Structures are given as C-alpha cells and as structure tokens.
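In: Any chance you can model this:
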Amino acid sequence: MRNVHKLLSGEEEQAVIVHLSGEPVVLQERLAALDGLLFTAGTAEKAVRLQQQRVINEMAARKIRFDKIEAFRTVLNAFSVRIQAKDIEKLRAIEDVVWIEPDLSVRAASTFAVADVSDNETEKDLVYPELQALWAEGIEGQGIKVAVLDSGIDKNHPDLKDVYKGGKNFIVQSNPEEYALPRDENDPSETSPLERPEGAPEKHPITGSPFESHHGTHIAGILAGKNGVKGVAPQIDLYAYRVFGAYTVGKTSYILKAIEEAVIQKMDVINLSLSGDSDLETHAVSVALNNAVMAGVVAISTAGNTGPVRGSVRAPGTSRLGIAVGNSTRDDQVDSSSSRGPSKPNFDIKPDVLAPGTEIFSTMPRYVEGDPGTVYDDAYKRETGTSQAAPYIAGVAALIKQAHPDWTPFDIKVALANTAKVLNTDKFDVFDQGAGRVQPYAAVHPTILAYSIEEVDVNGEGEFVVNRKGSVTFGPVPLTEDVSITKPLLVKDVKGTGGEYDVTVQVTKSFGDAKVSIDQPSFKLHGEQMLHITLTASKNLDTKYRDEILGYIYIANSDRAVKISLPFAADFSNGATVTPAIEEFSITKKDISFTEKEADQQTVVRLSVNTDVSYPSLELVDYVTKEAKDSLFYQDGISLGAREFPILHQYRSSWMDEEVTLADGIYSFNFMGMVKALSLTDSIGPVFVKTTKPAVTATIRSSEVQGRVTDQYIVFNNALQELGEGFDLNDKLHVSYIVSKDGVASEPVSISLSQDGTFLIELPSFEAKDLLTIVVVDAAGNSAEFLVQREDDK
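Out: As a prediction, the model looks like this:
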C-alpha cells in the first residue's frame, strides 16, 4: 500500500520525492548479513548512485524539466526534485521508479504553550523518582550520542551548553524573500527574529506560529538539561540537526537528509518530535527510520497530536521498526490530543509507549549569539504534546544504551515496552496507550524480556526483515474460513536469575469466539524460552467495521515481583468501512427548568456516531437569532459509540473556561464534527430553558371569572411566530381551577387559554363563601397558584 497524496497537474511546479527500486546502503548491508554475504559500503553506494544517475539521464531524455535535486542513498534510494506537475506521469513511467510522493511540509508536534516560568516541578512527574534512582547509580547517558532533529538549539543556554557537541543546518536560506540572512550549514541555532525579512509576517497567517523558533531548544532541555531543568539523560553527547526553519516548518526532504546524516555520524539515538499528514507505514520518513534502525540507531518519533480519534497516528510514528511515543498526563491518563493507532495497512499497534508530555517545563532560547551578558533566568516555558513525550523516551533509551552498550535498537524498544505500566484498560485500549506508560528504572534493569518475532516489509516493496518487538501484531485477519495464526514469543532471562513464570491473557475487546492462547501457560526459565501465541476464530462472512480482538499478554513470576506485558491486536473487519453518520442526536426534555424535582431526572443530550469524529463540539445557539452563545462540549476527537452530555444550570463554558449560568431562553443544541473532509452536523431545537414561575391575575364578577396568565412562554411564542413557527399556548401552560366548598376541594378543571394568556370561565353555582384557586403548571415544571377573590369582596 503506497502513500496516497494528491499530486498536482498542469504547468505548476511541485516538489516530489522519487523512490527507486534498488535498496539503499543500510538495507543492502542488512540483507547481506542475513545471507552471510560479503558487504562493502563503497560498492553498495556506487550501485545506488548509478541507478539514480540512470533515472536522471532518462528524465532528461524524456524532456522532463527539473531542478534542485537532493539525493538520498544511505537510508533511502531516492531523490527529491522539483518538476512540472504535468511531467509526473512521464517520471512514473521510467523503469527504475517505483513510486512518487510529494515533498510535503512537516511541523513540530506540540499543541500549546503555557506562559509559566515557575519552578520546574519535574519531581511531580511520575517517572522522576525512577530517574533519580538511575542517576544515583551513575546512569545519566554518558558517552551516548543523541541527535535531535528539530528547529535547532540555543547552544548557549546554561542548561544545554555543556552537553551540546555539534550539529548541522539543513535549511537553505538563500532566498532573501524568505530569510533576511544566510545561514551556514554548520549553524543549527534556532531561527531568530533577526532573520525575518521585511514584508514577512511576524506570525504565520494560518497556524499563528511566530517566525522565530524555539521548539528544538524545548525538546533538548527535556532530553538533556542540566541546571534549571534536569533532563532525562543529562550527560549525553547532544547534537542538533535543524530541519525546521521559519514558522517552525520543514519539509520531508530536510528530515530525510538529517536521518542520513545521523546514520553516517553513527548516532546512538535520534529524536523526531515532528509529525506529517500520512497514516501509512510506507511514508518516506517512516521507511527511512526503519532503515536507520537496521543501521543500529534507536529511532524515536511522536505519534502526533491529532487524537483521540482512532487511526490518527501520523508518520513518522507509523514506522514499523521505530518507536512512536504518545502523551501521558501526570495522573496517568492518555492526553486527549495524543494520536491513536493503528497504523496502516498492517493494523500495527501505535503508539508503542507513552511518556509524560503534558505541560512539561523546559528550556527556551534567547536568540543572542555570543553575548556573555545574556540573562537566562526566565528562559523556560511549559509546553504540551507528543513532542514533549518523545524526548523522555529518547532519554530513557540513552540510559538503557549506556547500561547495556551491546543492546540493539530492537532490545531497547522491547525493554521500554515490556516494562511499561499498562494504564486503565477500561478507558484506554492498545491503540490509545500501546504498551503503557514508560517506567525508566524497570526499562534499564529488566529481569526478563519477551520478544514478539515477525517478518516485516520495511519499504513496501517486499523487502522483509526480522522484527523483534514488544507487541504482537496479528494484523488484518479476514474470517473467510476458520483461522489459526501462531506467533513466536521469545522470553530471555536478562539477569540470569531463572525461575518459574505464568502467562495470562487479558482480552480488553472481544469478538465472537475469537481467542488468544499460549502453548505454555506456565514454564521454568533457563536462559531462553520460546513460547507460541495462537489466535483462533471461526469463519464469519458478516464482519463489520471495528470487529476486532484487543488485549494484553502478561508474563509474571509466582510472587508477581517480576511482571512484563505485551499488547496484541487483530482486525477481523476484512476492510469493512462505514459511511460516517450520526445515528442518534436527541434530548430527553425540550422544556427545562432546573427545579429540585427535575434534578432527579437530569436532562441529557444523547449522541451516537458510527465512526470516530475529529473536533466534535456541542454548541449552544440562540434559536431565534441563530447566534452561537457558547460551547457546552469540545474535544480534539471522540471515538465511535454512544455518549450523553448533561444539560446543567451551572456548567463549565468551553469558550471562557469558567463556570457560567445557562440563562433562560430559546435555544438549539447543535452538534458539529469532522470525519476527514466530511462535516457531520445535527441540531435539536427549539429547546426552552425557563426557570421563572407563571403569574396569574383574575377576578370574579357574579358567576364569571376573567383572568390572565403572564408567563415567559407567551414571550417565547411571540418570538417564534415571527419566524413562522410557534405553538399552542395550552401545550406549554396547563391551567386549571379548583373550587372549595365548606373546606372540600373539587377535582381540578382544565381552563383553555387564549393565545395572549387570557381566559374566561363560568361558575354558575359559585357562592360567596366558596374559594377559587387557579393553578398553572408550565411544561418545564414551574408552577404557581392564585386565590381569586370576588370583586365585591375586596
């Protein structure tokens, strides 16, 4: 399955990435090792160069106009180029070209900043005590090379200057309309306000991002800060690769070049706190990360910030071999903005692991180069996003690498996943949290590790390699017949302590008779033990969208002192989809008073959707003027299913983020949300909010009673009649009278109101000593009584 992006047409130029059929250098090396063949890097690179030159020559022969070629040979066999859109089909027809994707913009994966420069309070993070314990053991990342691919760095920041060892700039600043100053390729400092050319806006007109950048410095502080902020791995060798320029925007090709540089420079760990638009595993950056991992680099990336909608994980978080990180909060919840899996097309479990990423305190740049008088006292800020979670994992990966220098990226990924804390599975499934929230100490010092072993296509072209990971991916499993799929699970005794272990399966979402079982529910560990995990399910030709089995496999010793886990997932839907729809949008009452009696029967809006919805909101709208008044509910996304929203007199405004009172009036409740490019909307109205009681005036003359009910429903009715709507007042105001003779009350007798609220009744047997009571109960539950006196009794 290839990346699906819209390519332009006509004379317009488009930047594209052209992928060729030959393997890049690191993949050739890996395949040669698997086959026991001799490998020479120079020979491999020469083969890639020759194929690329052959394609470029063919482009010229076919009169394809192009410029700005940037070649990738180490982690991809590809090149970026600008061509006229009309020539894309010509380019696609060249023999060695396997696919073309646009060279799209990529942005940092933070959601918002909090203007708070108070004490960093890192000790309140749930992982902090574990980090302190590791630091006390001297495990702080010494000797581990970590590259941050981001917007650059303030290398003079007192928290970073000691760990910063160098970097590179991949942003070309030769166009004076884009940048006022040129930039050397060895200068990875943050984009400065001084680089903004005259006429360029201070803030991006769409995103609102400022021209100058700070993101990379913030990420670097979380990873390796040393003073005002103490990062996760404060003794690493830190490298900064600037792939974002003005407005914190970069391009796919910049990131690919930086990944190549990281592999060539033999980085141990790379951190990519960035996110694109693709949910596919074959995106160029995801494939590049796969190949970087095979070259020995631990590749950390964000899951993205488009959650909580299912399937919102974005490249490079879709890399099969890389580590995608989600955002957990201080109270061990999954942040609503954190993107969810699975990735496509293999139904792979993403994110791989969670780490703290909500309101994280870290370093900020000062944009002053070489001024010893620069003050950094307040050069800190809190920010939220998977961007902030990723460097936590990059830091822990560096600590693991220091403690276990011979471990591969696969070992480190498994250690992070196996030892993670599984969060509340009633609230968060495997595609919300992956393996769970990182536990650094356990990840550095695991007793055992369990490797799920599978073969994966690392580039979408049928190049399969062995992937050892901390989750079990059964993938898409069509039930066109009875199925039985077995996956190997290798358990290793890391500490050499042996022991007896039990294996249990927790199914968090079931389907039919589908079952996940273990061939050895109990075993004695001596060095290594191979287990087999089997998925069985009966034939079913009527499976639907989201028919699946999800859960966790736990391996623990007898006293539970050692316990590790692996998430698993299988998709039975056979590609079934749904047409996005609102299945129910209703309200339990359309006349609301918030009386004590009504409080026992709370009014709720019921919503049911058949798919995940992005940016859902429940808007409060003036029914008459159609003016939006407030938002009763707003989130980044909701999952398919049914939910209820209580309508409260005192509620928290999504607009003002404070408690407000729902005023009397005529409203509609409008639901709005997005499913990709499709808008889902529905409306309920008119809904009447009325907390006032009716008022009655009446007189008795002889046997005739004349009266008037004054009430807000009459005002409401007049307003609706202006719209050509309205109602019978007697449907909203239920009026009756009771006559008491000698202390004995009659049964209530209904009174029919005129539409202006007046009424007239005849009481021929009414005597002077009798009592007359008018009772009014409105549709919202408000009521009033009025004792009527004879006119001549006054």
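In: low-scoring stretches of the stretch 651-794 of the chain, by residue?
Out: Counting by pLDDT under 70, the stretch 651-794 of the chain shows low-confidence ranges at 791-794.
In: What segments of it are helices?
Out: For the stretch 651-794 of the chain, the helices defined by DSSP state H, counting those that start in this stretch occupy 712-722, 729-732.
In: Can you pull out the residues in contact with the last one?
Out: Under the contact criterion C-beta atoms under 8 Å, 6 or more residues apart in numbering, helix 729-732 has outside partners 591, 688, 713-714, 716-717, 752-755, 757, 778-779. The C-beta positions use only the backbone N, C-alpha and C, and glycine is treated the same way.
In: what about 10 Å?
Out: With contacts defined as C-beta atoms under 10 Å, 6 or more residues apart in numbering, helix 729-732 is touched by 591, 688, 690, 694, 709, 711-714, 716-717, 735, 750-757, 778-780.
In: and it, how far from the chain's centre?
Out: Relative to the chain's own centre, helix 729-732 is displaced by 48 Å; criterion: C-alpha atoms, centre = their mean, to the nearest Å.
In: Now restrict the contacts of helix 729-732 to buried residues only.
Out: Using 16 or more other C-beta atoms under 10 Å as the burial test, the contacts of helix 729-732 include 591, 688, 690, 694, 709, 711-714, 716-717, 735, 751, 753, 757, 778-780 as buried.
In: do you know which of the helices of the stretch 651-794 of the chain lies nearest residue 769?
Out: Nearest to residue 769 among the helices of the stretch 651-794 of the chain is helix 729-732; the distance by C-beta to C-beta comes to 31.1 Å.
In: In the closest one, which residues are buried?
Out: By neighbour count, with 16+ other C-beta under 10 Å as the criterion, the buried positions of helix 729-732 are 729, 732.
In: Next: stretch 54-71.
Out: By neighbour count, with 16+ other C-beta under 10 Å as the criterion, the buried positions of stretch 54-71 are 55-56, 58-59, 64, 66, 70-71.
In: And the helices in the stretch 301-450 of the chain, which stretches?
Out: Taking DSSP H, counting those that start in this stretch as the criterion, the stretch 301-450 of the chain carries its helices at 386-403, 409-418, 430-433, 440-444.
In: Dump the C-alpha coordinates for the last one into CSV.
Out: Extracted in CSV, the C-alpha atoms of helix 440-444 (Å, rounded to 0.1, in the frame of the first residue of the first chain):
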residue,chain,number,x,y,z
PRO,A,440,12.5,4.1,33.3
TYR,A,441,14.1,2.1,36.1
ALA,A,442,12.5,-1.1,35.1
ALA,A,443,13.4,-0.5,31.5
VAL,A,444,17.1,0.0,32.3
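In: now for the top helix by length along the chain, which elements pack on it?
Out: For the chain, the helix that runs over the most residues, judged by DSSP state H, is helix 41-61. Applying 3 or more C-beta pairs under 10 Å, 6 or more residues apart in numbering; DSSP states H and E, one finds that helix 41-61 contacts strand 13-20, helix 25-35, strand 66-72, strand 78-84, helix 88-92, strand 97-102.
In: Quickly compare those and say which is most buried.
Out: Among those, ranked by average contacts under mean count of other C-beta atoms under 10 Å, first place goes to strand 13-20 (a mean of 22).
In: Using PDB, write out the CA atom coordinates for it.
Out: What follows is the C-alpha trace of strand 13-20 in PDB, where atoms were taken according to Å, rounded to 0.1, in the frame of the first residue of the first chain:
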ATOM      1  CA  GLU A  13       5.800  23.100 -10.200                       C
ATOM      2  CA  GLN A  14       5.800  20.500  -7.400                       C
ATOM      3  CA  ALA A  15       8.500  19.200  -5.200                       C
ATOM      4  CA  VAL A  16       8.400  15.400  -5.100                       C
ATOM      5  CA  ILE A  17      10.400  12.500  -3.700                       C
ATOM      6  CA  VAL A  18      11.200   9.800  -6.200                       C
ATOM      7  CA  HIS A  19      11.700   6.300  -4.800                       C
ATOM      8  CA  LEU A  20      13.800   3.900  -6.900                       C
END
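In: still on that earlier bit, next, format the helices of the stretch 301-450 of the chain as JSON lines and append distance to residue 612 and mean pLDDT.
Out: Formatted as JSON lines, the entries for these read as follows, by distance: least, C-beta to C-beta, whole Å; pLDDT from 0 to 100:
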{"stretch": "helix 386-403", "distance to residue 612": "18", "mean pLDDT": "98"}
{"stretch": "helix 409-418", "distance to residue 612": "25", "mean pLDDT": "99"}
{"stretch": "helix 430-433", "distance to residue 612": "11", "mean pLDDT": "98"}
{"stretch": "helix 440-444", "distance to residue 612": "31", "mean pLDDT": "98"}
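In: Kindly compare burial across those and name the winner.
Out: Among the helices of the stretch 301-450 of the chain, helix 386-403 has the highest mean neighbour count (mean count of other C-beta under 10 Å), at a mean of 30.
In: Show the pLDDT at residue 118.
Out: Reading off the per-residue confidence, residue 118 sits at a pLDDT of 51.
In: right, and the helix or strand after the least confident helix or strand in the chain by mean pLDDT?
Out: Taking mean pLDDT, DSSP states H and E as the measure, the chain has strand 112-114 as its least confident helix or strand, at a mean of 53. Scanning forward in sequence from strand 112-114 by DSSP states H and E, the next helix or strand is helix 128-136.
In: what residues does that next one touch?
Out: With C-beta under 10 Å, 6+ apart as the contact definition, helix 128-136 has outside contacts at 121-123, 125, 139-141, 230-235, 356, 392, 395-396, 399-400, 402-403, 438-445.
In: Sheet partners, orientation included, of the next helix or strand after it?
Out: Reading on from helix 128-136 to the C-terminus, the next helix or strand found by DSSP H and E is strand 145-150. Here strand 145-150 is paired, per DSSP bridges, with strand 237-242 (parallel), strand 269-272 (parallel).
In: related to what we said a few turns ago, and the helices of the stretch 301-450 of the chain as CSV, adding distance to residue 552?
Out: Converted to CSV, the helices of the stretch 301-450 of the chain look like this (distance: least, C-beta to C-beta, whole Å):
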stretch, distance to residue 552
helix 386-403, 20
helix 409-418, 11
helix 430-433, 7
helix 440-444, 16
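In: Give me the nearest residue to residue 48, chain neighbours excluded.
Out: residue 73 (4.5 Å; C-beta to C-beta, 6 or more residues apart in numbering).
In: Look up how far residue 36 lies from that neighbour.
Out: With the distance defined as C-beta to C-beta, to the nearest Å, residue 73 ends up 24 Å from residue 36.
In: Looking at these two, which is more packed in?
Out: residue 73 (21 against 6; other C-beta atoms under 10 Å).
In: wait, that one sits on residue 53?
Out: No - in this structure, residue 73 sits apart from residue 53 without contact. The criterion is C-beta atoms under 10 Å, and the distance is 11.4 Å.
In: Pretty sure residue 98 sits against residue 284.
Out: No - the pair formed by residue 98 and residue 284 falls short of the contact definition of C-beta under 10 Å, at 12.0 Å.
In: can you list residues touching both of these two?
Out: With contacts defined as C-beta under 10 Å, 6+ apart, the residues adjacent to both residue 98 and residue 284 are 19, 78, 459.
In: show me the contacts for the first one.
Out: Under the criterion of C-beta under 10 Å, 6+ apart, the neighbours of residue 19 are 2-3, 72, 76-79, 96-101, 282, 284, 287, 459-461.
In: what does the last one give?
Out: With contact taken as C-beta under 10 Å, 6+ apart, residue 459 is in contact with 19, 23-24, 27, 76-77, 98, 281-282, 284, 286-288, 290-291, 320, 465.
In: Among those, name the buried ones.
Out: 19, 23-24, 27, 76-77, 98, 281-282, 284, 286-288, 290-291, 320, 465.
In: Return the set of buried residues in stretch 636-643.
Out: Those would be 636-640, for stretch 636-643 by 16+ other C-beta under 10 Å.
In: And those residues, which is the shakiest by pLDDT?
Out: Checking pLDDT across those, the minimum falls on residue 636 at 77.
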